[in-house]
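Engineer: following is a predicted model, sequence given first.
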Amino acid sequence: MKIILASASPRRRELLKMMGIENFEVIPDNSEETLPQGLSPEQTICKVALNKAKNVSALCGQDSLIIAADTEVYLDTAPYGKPCDEEDAVRMLKTLSGRKHTVYTGLALIRADEVITYTESTQVYFRDISEAEIRAYVATGEPMDKAGAYGAQGRGAVFIEKLEGDFFNVMGLPVCRLSIMLQKMGVQI
């Protein structure tokens, strides 16, 4: 069986390798990503991940196992995707400052006609962050390709007071849940 990661994320590649999955191919889904309307955050993120998996599955053989994920930050019911520019990153971080938000990652695995999906959620509590800290962080460039404009595995970690849930989920791939899903697909970790 060939394992395909339907993501260009270097963090997801690192986490798969950390899990002991060394032999996999990366085929990102390059289609336009839009969040479906009228669904809960859990349903929305799961649907986006499933669409990614289906798109990549259409390019691969029946013997391929597709792993797709999508991560989104939500403050209340408002999604915080990747910032479009530095001012958008500053705006997001100011809004998240001193508050609790939720990070959702939708997972979708497809092999032939078998499909497994799941949405993991983690509560993240930010300390109060000054505007000077926010602007200095945004100037590093780290926030620009991350949902919610921060990286928990990088310099953004200094803003996090505590987490409730899977830390790796905040990085974009809940490894515990993924390992359970992979076992259901016949992959031993």
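Structural biologist: Received, thanks. Given the structure is predicted, the values throughout are model-derived calculations rather than measurements. Numbering: from 1, shown residues only.

Engineer: walking through this protein, point out its strands one by one.
Structural biologist: Taking DSSP state E as the criterion, the chain carries its strands at 2-5, 25-26, 64-75, 78-80, 100-111, 114-126, 160-164.

Engineer: now these as CSV including mean neighbour count and distance to Gly151?
Structural biologist: C-beta coordinates here come from the backbone N, C-alpha and C atoms, glycine included. Shown next, in CSV, are the strands of the chain (neighbours: other CB atoms under 10 Å; distance: least, CB to CB, whole Å):
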stretch, mean neighbour count, distance to Gly151
strand 2-5, 19, 19
strand 25-26, 13, 20
strand 64-75, 24, 11
strand 78-80, 16, 13
strand 100-111, 24, 12
strand 114-126, 18, 12
strand 160-164, 12, 10
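
Engineer: may I see those strands arranged in JSON lines, with distance to Gly186 as well?
Structural biologist: Converted to JSON lines, the strands of the chain look like this (distance: least, CB to CB, whole Å):
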{"stretch": "strand 2-5", "distance to Gly186": "11"}
{"stretch": "strand 25-26", "distance to Gly186": "18"}
{"stretch": "strand 64-75", "distance to Gly186": "8"}
{"stretch": "strand 78-80", "distance to Gly186": "34"}
{"stretch": "strand 100-111", "distance to Gly186": "8"}
{"stretch": "strand 114-126", "distance to Gly186": "9"}
{"stretch": "strand 160-164", "distance to Gly186": "31"}
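
Engineer: to Met92, which of these lies closest?
Structural biologist: Of all the strands of the chain, it is strand 78-80 that lies closest to Met92, at 5.3 Å by CB to CB.

Engineer: packing partners for that closest one?
Structural biologist: In terms of contacts (3 or more CB pairs under 8 Å, 6 or more residues apart in numbering; DSSP states H and E), strand 78-80 is packed against strand 64-75, helix 86-96.

Engineer: again, only using 10 Å
Structural biologist: Using 3 or more CB pairs under 10 Å, 6 or more residues apart in numbering; DSSP states H and E, the elements in contact with strand 78-80 are helix 41-57, strand 64-75, helix 86-96, strand 100-111.

Engineer: nearest to Leu50, of the strands of the chain?
Structural biologist: Going by CB to CB, the one of those nearest Leu50 is strand 100-111, 4.2 Å.
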